[in-house]
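Undergrad: Please find the sequence and the predicted model below.
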Amino acid sequence: MKRGTVVWVDLSDAAPPEMGKVRPAIVVSGALYNAELSTVVVVPISSVAPEIWPLRLAVGVFSGQASFAIIPGLRQVSKSRLRGTLGTLSAAKLARLDECLREYLR
């Protein structure tokens with residue numbers, strides 16, 4: 001699985017304030033690790049606006065709705081939770097997402 005792929009992921013069994021249910025998410029772990037491990041690291045996507053840099057980033061339209069990456073929702077998930085793909089983030093959006101992640105994690 002390639003970095004920047006937008007997937008459906010089952011995040012159920014979450015406890016507030018964690019994001020739950022089946023929702024889109026962006027794979028942010030590297031392809032080398034994704035090929036070897038039984039997990040991937042994702043950033044969930046929400047339709048709740050507005051952009052709040054670096055915590056919420058507009059990433060385009062997925063599932064017919066304006067979509068925002070929710071940076072604090074970053075999490076490792078089992079590949080068994082993945083339910084299909086929706087598309088791929090553009091290189092420019094992935095670069096902005098990387099900026100947000102760096103800022104959030106420093």
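TA: Yes, it's here.
Undergrad: and the residue lying closest to Val6 once chain neighbours are set aside, how many neighbours?
TA: Among residues not flanking Val6 along the chain, Leu86 sits closest, at 4.3 Å (Cβ to Cβ, 6 or more residues apart in numbering). Placement of C-beta: from N, CA and C, glycine included. Neighbour count for Leu86, taken as other Cβ atoms under 10 Å: 16.
Undergrad: Same question for Glu36.
TA: Neighbour tally, Glu36, other Cβ under 10 Å: 7.
Undergrad: Let me know the outermost residue of the chain.
TA: Glu36 (19.6 Å; Cα atoms, centre = their mean).
Undergrad: which ones are touching that one?
TA: By Cβ atoms under 8 Å, 6 or more residues apart in numbering, no residues touch Glu36.
Undergrad: isn't the residue nearest to Val6 right next to Pro24, touching?
TA: Yes - with contact defined as Cβ atoms under 8 Å, Leu86 counts as touching Pro24 (5.6 Å).
Undergrad: Sketch out the low-pLDDT regions of the chain for me.
TA: Flagging of the chain using pLDDT under 70 yields the residue ranges 14-20.
Undergrad: Which stretches in it count as helices?
TA: 31-36, 91-105 (DSSP state H).
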